Structures are given as structure tokens and as C-alpha cells.
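# What shape does this take:
(one chain, ligands or ions: 1)
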Amino acid sequence: MINVIEFFKNLPKKQCQQCGQDMDEKADCYGNVCDECDHPAR
Ligand SMILES: [Zn+2]
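A predicted model of the protein is given here:
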């Protein structure tokens, strides 16, 4: 069985797929875009 937490730990630093900037681990739950691109008000 694959442990999802271990899977994310082994990933390299994530990048936003929209603007390409580095994302912090806290952005995991947002998918592949950073706070800037994911912001609902933008
Ligand atoms: Zn972005």
C-alpha cells in the first residue's frame, strides 16, 4: 500500500504550474498552483 505522506515527502520542491514559482509544503492541499494563482479574489 502506498503511503501518501511518504509520497509527498519524496517529491522535489513543488512549483506552481501557472507562474512557476516555488511553493511551500503548506500548498500541498491546493494542488499544483501557488497561493497567488489559487487566490479566489484574483
Ligand atoms: Zn502561481
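
# Secondary structure element holding residue 36?
Element membership of residue 36 [criterion: DSSP states H and E] is helix 35-38.

# Could you list the buried residues of that helix?
Within helix 35-38, the residues that qualify as buried by neighbour count (16 or more other Cβ atoms under 10 Å) are 37, 38. C-beta here means a position set from N, CA and C on the backbone, and glycine is covered the same way.

# Spatially, what comes nearest to residue 16 if we skip its sequence neighbours?
The shortest distance from residue 16 to any non-neighbouring residue, by Cβ to Cβ, 6 or more residues apart in numbering, is to residue 34 (3.8 Å).

# The one you found: neighbour count?
Using other Cβ atoms under 10 Å, the number of residues around residue 34 comes to 20.

# for it, what are its contacts?
Counting by Cβ atoms under 8 Å, 6 or more residues apart in numbering, residue 34 makes contact with 16, 18, 19, 21, 23, 27.
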